[in-house]
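Peer 1: Okay, sequence plus prediction incoming.
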Amino acid sequence: MLWKTLQHPRPRLILAVWLSALPAAWGVVHAAEETSPRALMRYGVEAARGGLWREALARWERAVQTDAENPRLRNNLAVAYEAAGRTADAGRAYAEARKQFPESKEVRDNQESFLALHPELKEDIPGPVPPATKHKGKVARVTLFVPTPEHIDMTGLRHVLVTKMVIDEEPDELDLSKELVGVLRRDWRNRTSLDILDVEPPALPEQPIRDLLANTGFWRKLAERYEADLVVAGEAGFKTADRSGYVSVDEVSPMTGQRVRRTRFVTREAFLLDLHLFFLKGETGELLYEDHFSGEHTYDGAGFDRLSGLFMLYDEMAGDIRGIVSPGVRSLPRSLFEE
């Protein structure tokens, strides 16, 4: 019995040493997993969801060092650069992600939204563009809040005169120029620091708008008369269109309780707003900037209030219009890949 007892000290010692080493070995494996590109990519998304973009950027920059050919990681890195205000880096990262993953809808949507704000970074994409497809893995949706400068250098331009609009088309019951000038002036008074002149909007001569824009003397004299630093003129059209037609709808049969597909005629009415704005410097009469906006809303049924439809369409454009003369913050949807 004594002999048997003495046979086992060494195996027990070996087993004890092996068990004591397990936590340390597990820690090494776990640490390797924590710093893998896959883990860093996932942790970066978690940080971005919480608005911790600096932390997310650090994780993804570390991950790309060992996984440089991963276009999903490049996409995430581009979004983080955008959030950090590193526009040039974001443009390069988006371009690389698009080059490596041209069929990704998420990468394409992110990059096109980014380039809409920074058209100077746009480059021609060589060759045919494949159809966009959605990523089958996990994708996180986040919102960036990006400060945007005004499109016009507003130094010395404080007093703003808004003229009557040149109208191409309008419903009989609506004074389109009056309503558009009114809603634009209210929005700028409430949402900018500009002095919007509270005067009767002056009418413009009846001549082609391009000829009128070239007449710097006219705009200079108009601005001088009203003591305006900036004159805003516009050309607009507002109309309705019949969008009625047959559509397929799924219904539950009252007889059998089964879902069946039927074709029904649906009455629909669309409102369309087209607005072209021109910004002229009062001191010189020169055209500083112009932009074009258009929108459409379709409603089920008929007889929807025209004025309400007009205001809803303008509300969708208001932020972009205001951004021409005043800095602001834009909320931009972005997609991040979790894997």
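Peer 2: Arrived safely.
Peer 1: Can you give me the pLDDT of E296?
Peer 2: At E296, the predicted lDDT confidence score is 94.
Peer 1: Skipping adjacent residues, who's closest to it in space?
Peer 2: L272 (4.8 Å; Cβ to Cβ, 6 or more residues apart in numbering). Using the backbone N, CA and C atoms, a C-beta is placed for each residue, glycine as well.
Peer 1: Helices of the protein, residue ranges please.
Peer 2: Ranges of helices in the chain, per DSSP state H, are 2-6, 9-34, 37-49, 53-64, 71-83, 87-100, 105-117, 176-191, 209-213, 216-226, 306-322.
Peer 1: Could I get these in CSV, plus columns for mean pLDDT?
Peer 2: Supplementary listing: the helices of the chain in CSV, determined by pLDDT from 0 to 100:
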stretch, mean pLDDT
helix 2-6, 40
helix 9-34, 46
helix 37-49, 93
helix 53-64, 94
helix 71-83, 95
helix 87-100, 94
helix 105-117, 92
helix 176-191, 97
helix 209-213, 96
helix 216-226, 98
helix 306-322, 94
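Peer 1: Dump those helices to a markdown table, plus mean neighbour count and distance to T148.
Peer 2: Output for those, formatted as a markdown table (neighbours: other Cβ atoms under 10 Å; distance: least, Cβ to Cβ, whole Å):
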| stretch | mean neighbour count | distance to T148 |
| --- | --- | --- |
| helix 2-6 | 7 | 82 |
| helix 9-34 | 10 | 37 |
| helix 37-49 | 19 | 20 |
| helix 53-64 | 20 | 17 |
| helix 71-83 | 25 | 12 |
| helix 87-100 | 19 | 11 |
| helix 105-117 | 18 | 7 |
| helix 176-191 | 17 | 14 |
| helix 209-213 | 13 | 26 |
| helix 216-226 | 16 | 27 |
| helix 306-322 | 17 | 9 |
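Peer 1: a markdown table for the ones you listed, including distance to R268?
Peer 2: Converted to a markdown table, the helices of the chain look like this (distance: least, Cβ to Cβ, whole Å):
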| stretch | distance to R268 |
| --- | --- |
| helix 2-6 | 93 |
| helix 9-34 | 55 |
| helix 37-49 | 39 |
| helix 53-64 | 43 |
| helix 71-83 | 37 |
| helix 87-100 | 37 |
| helix 105-117 | 28 |
| helix 176-191 | 22 |
| helix 209-213 | 33 |
| helix 216-226 | 42 |
| helix 306-322 | 13 |
